[in-house]
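Participant: Predicted model follows, preceded by the sequence.
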Amino acid sequence: MSNGFGDREKGFERKYQLDQEQQFRANARRDKLFGQWAAGKLGKAGDAANAYAAEVVDANFEKPGDDDMLGKVKADFQKAGVTVSDADVSKALTDAYAAAAQQIASEKK
């Protein structure tokens, strides 16, 4: 019986590890998608949009949480004279996560 409990525990640990990996991948993709959305609002396209998205992703590694990334995007919008409400920025981030999670899930199939 103790072997069954050990196997079950290992199964839960493996599922937790896979869930954490998937969440990390979804967050990384979310940041890129959000950066591309912001680049579009700033009038960037092609390589310039991809470079800006990479800057947004990098900005999210400065401090825990999303405030550093959101602060960068909002500051860039303000500097460029782009008017986007905080609610629209938050919605874009939420939508980017939903799209990223869906993309990650469809890749697993």
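Facilitator: In hand now; what should we look at? These numbers were taken from a predicted model, which means no experiment stands behind them. Numbers count the residues shown, from 1 in each chain.
Participant: How about A28, nearest residue that isn't a chain neighbour?
Facilitator: In space, and not counting its chain neighbours, A28 is closest to V57: 7.1 Å by CB to CB, 6 or more residues apart in numbering. (Glycine included, C-beta is placed from N, CA and C.)
Participant: Off-centre distance for stretch 47-58?
Facilitator: 13 Å (CA atoms, centre = their mean, to the nearest Å).
Participant: Give me the contact list for it.
Facilitator: 28, 31-36, 38-40, 42, 44, 69, 72-73 (CB atoms under 8 Å, 6 or more residues apart in numbering).
Participant: and that stretch, which residues are buried?
Facilitator: A49, Y52, A53, E55, V56, V57 (16 or more other CB atoms under 10 Å).
Participant: Would you mind measuring from the fourth one to K15?
Facilitator: Going back to what we said before, that points to E55. 35 Å (CB to CB, to the nearest Å).
Participant: what does the last one give?
Facilitator: Counting by CB to CB, the separation of V57 from K15 is 27 Å.
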